[in-house]
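Undergrad: sequence first, predicted coordinates after that:
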Amino acid sequence: MMKNVKLDIAKTGIEISADIEAKAQAANALLHSGKGAGNDFLGWVHLPSSISENEIDAIRKEAAKLRSKADVVVCIGIGGSYLGAKAVLEAMSDPFKLLHKEQKDPTVIFAGQNISEDYTAELLAALKEHSIAAIVISKSGTTTEPAIAFRLIKAEIEKRYGKKEAAERIVAITDKARGALKTLATQEGYPTFVIPDDVGGRFSVLTPVGLLPLAVAGVDIAALVRGAQEMEKATAEGVAFKENPAAVYAAVRNILYNGGKKIEILGSYEPKLQYINEWWKQLYGESEGKQGKGIFPASVTLTADLHSMGQYIQDGERTLFETIISVAKPAAEVLIEADGENLDGLNFLAGKRISEVNRMAELGVQLAHVDGGVPNIRIEIPEISESVIGGLLYFFEKACGISGYMLGVNPFDQPGVEAYKKNMFALLDKPGYEEASKAIKARL
Ligand SMILES: O=P(O)(O)OC[C@H]1O[C@](O)(CO)[C@@H](O)[C@@H]1O
């Protein structure tokens, strides 16, 4: 049985009924049968097991080229074309990497996930001091934020290295045929990786969308995929309900939601996992938040947020439940030393590892929150490593598919994100929006 994700629902106080169990199993079977809503976007279900060694090799080869040419690689994308790579990269990185004088891997930084002029200006200024390359990612190939960033980065690369060399330093990841980015990449002769038609952005971390930037940064992408493959097996159709952590997680969420718990807070006591939270928020928010339904996905990083959000979680509106990713084994060991004077009164901790204190914080918080009416789901992972994180990502994806079907929505579309785009284009006088422009300006 899969041990890389251990789910503990004891502190939710919930007994899963046979009825809900059957619903979760049916939802999983529906994903596998390909007969449910949004069934043209189910490519992610078997993605881990269908990635070939040749594909991994091709990604690694392209990554090696970028690594040889640049010490900073700008990865341009937003939403699902950004968060997966960012999440795994943060999880696998030393947060103080840039303070070390020796850099063995290029620095992967992100752009196109905002339209901030200051972010852009500061990025362009910092790039001046480095050799650069870029990976531009957009499934639709038409998303405004990354398109603006790419226009600027492309110009910078061309100005510095010339058009021919730019085609050696820019890689595009997009649809196989459609979109402005595909047209541009073909015209400019950029190496291109394809995002499969049947894999939506928020489920694309295990395609080149996530794998290429991660390989550039020196992350072991084969191990990441291996972990996801194991989880694919552990959550497959036919696995007994209690043995399938994705089905159990989806079932518990469903019960909590129907019992009035409308907000799920994902948290961890390892700050490296902060962007896993962000990735998870898009995954669940875009998949379930529709037709007036869905758990609102929120997140905290602990213990930091106990000193900001702790009061509310303990004592505010009782519409919350909490899911904690608990890491069993830290990679390092740091002891708290005894101090002869004990002026800070901390000698009661002398000889203990920092992780012991962190663990007691976690256990103490869990009980406090449960006592305060916040049910607690605990997801234990053994360590932060590529294969474990690969498994965790797939676990969340599979549970999201099951959960969305249990909720009765199409988990694979996101019609609601178009409303702001329409307004923005109208306000910016995009050709084709003349009528909408007039109407919206009258409302300002
Ligand atoms: O990869 P693309 O097409 O640029 O889209 C980026 C993100 O924008 C959205 O389409 C929302 O507008 C997300 O679903 C997606 O992950």
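TA: Cool, got the structure.

Undergrad: how long is stretch 170-189 from one end to the other?
TA: Counting by CA to CA, to the nearest Å, you get 9 Å between the two ends of stretch 170-189.

Undergrad: measure how far it is from the centre of its chain, please.
TA: Chain-centre distance of stretch 170-189: 24 Å, with CA atoms, centre = their mean, to the nearest Å.

Undergrad: what residues does that stretch touch?
TA: Residues outside stretch 170-189 that contact it (CB atoms under 8 Å, 6 or more residues apart in numbering): 62, 66, 77, 81, 133-142, 147, 150, 154, 157, 163, 166-167, 190-195, 197, 207-209, 212. Glycine gets a C-beta too; all of them are placed from N, C-alpha and C.

Undergrad: can you flag which of those belong to strands?
TA: Using DSSP state E, the subset of these located in strands is 133, 134, 135, 136, 137, 138, 192, 193, 194.

Undergrad: and the contacts of stretch 170-189, which are buried?
TA: Among the contacts of stretch 170-189, those buried by neighbour count (16 or more other CB atoms under 10 Å) are 62, 66, 77, 81, 133-142, 147, 150, 154, 157, 166-167, 190-195, 207-209, 212.

Undergrad: and the ligand, which of the residues you listed reach it?
TA: Applying CB under 6 Å from any ligand atom, the subset of the buried ones among the contacts of stretch 170-189 adjacent to the ligand comprises 81, 138, 139, 140.

Undergrad: near the ligand, which residues of the stretch 151-300 of the chain?
TA: Taking CB under 6 Å from any ligand atom as the contact definition, the stretch 151-300 of the chain meets the ligand at 201, 202, 286.

Undergrad: just checking, the second one touches residue 79?
TA: Yes. In this structure residue 202 lies within contact range of residue 79 using CB atoms under 8 Å: 6.8 Å.

Undergrad: look at residue 360 and report its pLDDT.
TA: What the model reports as pLDDT for residue 360 is 98.

Undergrad: ok, it - contacts?
TA: No residues are in contact with residue 360 under the rule CB under 8 Å, 6+ apart.

Undergrad: please begin residue numbering at 3 from this point
TA: Renumbered: residue one is now 3, and that last one reads residue 362.

Undergrad: check for me that it belongs to a helix.
TA: Yes. Read with DSSP: H, G, I helix; E, B strand; the rest coil, residue 362 is one of the residues of a helix.

Undergrad: and the gap between it and residue 142?
TA: Separation of residue 362 from residue 142 (CB to CB, to the nearest Å): 47 Å.

Undergrad: and the host helix or strand of residue 111, does that touch the ligand?
TA: Using DSSP states H and E, residue 111 sits in strand 109-113. No. Counting by CB under 6 Å from any ligand atom, the ligand has no neighbours in strand 109-113; the shortest distance is 13.0 Å.

Undergrad: how big is the angle separating the next helix or strand after that strand from strand 134-140?
TA: Note on strand 109-113: by DSSP H and E, the next helix or strand toward the C-terminus is helix 119-129. Here helix 119-129 runs at an angle of 140 degrees relative to strand 134-140 (axes from the mean of the first three to the mean of the last three CA atoms, to 10 degrees).

Undergrad: what angle do helix 119-129 and strand 109-113 make?
TA: Using the same axes, to 10 degrees: helix 119-129 against strand 109-113 is 150 degrees.

Undergrad: please identify which helix or strand holds residue 76.
TA: Under the criterion of DSSP H and E, residue 76 resides in strand 74-78.

Undergrad: who does that strand touch, helix- and strand-wise?
TA: Helices and strands touching strand 74-78, by 3 or more CB pairs under 8 Å, 6 or more residues apart in numbering; DSSP states H and E, are strand 109-113, helix 119-129, strand 134-140, helix 146-171, helix 210-218.

Undergrad: same question for it, mean pLDDT?
TA: pLDDT averaged over strand 74-78 gives 98.

Undergrad: now check that strand, is it near the ligand?
TA: No. Strand 74-78 does not reach the ligand (CB under 6 Å from any ligand atom); its nearest approach is 9.6 Å.

Undergrad: residues making contact with that strand?
TA: Contacts for strand 74-78 (CB under 8 Å, 6+ apart): 68-69, 84, 87, 108-114, 125, 128-129, 132-139, 148, 151-152, 155, 215, 218-219.

Undergrad: let's go with 7 Å and repeat that
TA: Outside strand 74-78, the residues that touch it by CB atoms under 7 Å, 6 or more residues apart in numbering are 68, 87, 108-114, 129, 132, 134-139, 148, 151-152, 155, 215, 218.

Undergrad: check stretch 213-227 too.
TA: The contact list for stretch 213-227 (CB under 7 Å, 6+ apart) reads 50, 53, 58, 61-62, 64-65, 68-69, 75, 77, 87, 90-91, 94, 107-108, 110, 137, 173, 175, 195, 208, 388-389, 391-392.

Undergrad: what is the end-to-end distance of that stretch?
TA: With CA to CA as the measure, the ends of stretch 213-227 fall 9 Å from one another.
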